[in-house]
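> sequence plus the predicted model coming up.
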Amino acid sequence: MSTQPATTEDILGFPVTRMRQSACRDLVASWLEAPGTKPRVFACANPHSLHVARSNQAFREALIGADLLTPDGVGIVLGSRLLGGGISRRITGYDIFEDTCAMLSARRGSCFFLGSSEAVLSKIRARMARDYPRITVAGTYSPPFRARFSQAENAAMIEAVNQAKPDVLWVGMTAPKQEIWLHRHRDQLDVRFAGAIGAVFDFYAGTVPRAPAVIQHMGLEWLPRLLRQPRRLWRRNFISNPAFMVQIMRQKRQDQGA
């Protein structure tokens, strides 16, 4: 893990950054200006992902191994407050995506989108051309939709990325598959910065609408998504999130007794 200890805090054993969004942006900028190094990896922490990762060793290793793990969830902010931490607001995958695109545009950089469907990727390419004409979309790749990829499929994805030689790789395969894939293959990828950003692919393509800004600022972005996809998201909101808060209270009691 590359961030300094002072910039992170322990949330259930995971090093979540306490830096503000502007500091995260500066950190990513420094990575984009440092060619020849191993790829720096970004991932998001939310109550559901941390709850799942506690019982999924590969996912746990991926989140702990990320160079930047941001508090993408109001539950993480609340958990930090209960533990006496310093995380004051969410930093979402979309925040990092937008900030990085602005930096890539300024330096005429390039990026690659790995994940989702061809239909979504086509919409992303079209919008990127409108929003960021100075960014080169070096390539896109829609992998097979399955739980696990074969060795040949992994090799094909890595080759597609490396032939394109992008500055930034965006991976959108849903969690925890995207984080695990990126963690396992990061040393084989010829990129400077890579981020597992999941739903950002659909948000940016416009295939799934984001909540209005006021809802986002209130920390209720999860609610419209739950109403749209109750069968897929009910477990996250009614099982994982409460379980996360129980674990936070246990950590608080342990910290107080230490």
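Nice, thanks for sending it over.

> isn't R107 up against L32?
Yes - the criterion here is C-beta atoms under 8 Å, and R107 meets it with L32 at 7.1 Å. Every residue, glycine included, has its C-beta placed from N, CA and C.

> neighbour count winner among these two?
Set R107 next to L32 and count neighbours by other C-beta atoms under 10 Å: L32 wins out with 18 against 13.

> so what's that one up against?
Shown in contact with L32 (C-beta atoms under 8 Å, 6 or more residues apart in numbering): 100, 103-104, 107, 109, 167-168, 192-193.

> go on, A23?
T7.

> give the buried residues for the strand or helix carrying it.
Secondary structure assigned from DSSP states H and E places A23 in helix 21-32. Buried residues in helix 21-32, defined by neighbour count with 16 or more other C-beta atoms under 10 Å: 21, 24-25, 27-29, 31-32.

> cool, and stretch 149-165?
Buried residues in stretch 149-165 (16+ other C-beta under 10 Å): 149, 154, 157, 160-161, 164.

> stretch 8-22 now?
8-9, 11-12, 14-19, 21.

> TSV for those, including secondary structure, distance to L78 and pLDDT?
Formatted as TSV, the buried residues of stretch 8-22 follow (DSSP: H, G, I helix; E, B strand; the rest coil; distance: C-beta to C-beta, whole Å; pLDDT from 0 to 100):
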residue	secondary structure	distance to L78	pLDDT
T8	strand	18	96
E9	strand	14	96
I11	strand	11	96
L12	coil	13	96
F14	strand	15	97
P15	strand	18	97
V16	strand	13	98
T17	strand	16	98
R18	coil	14	96
M19	coil	18	97
Q21	helix	18	97
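
> widest-spaced pair of those?
Spanning the widest gap among those are L12 and Q21, at 22.4 Å by C-beta to C-beta.
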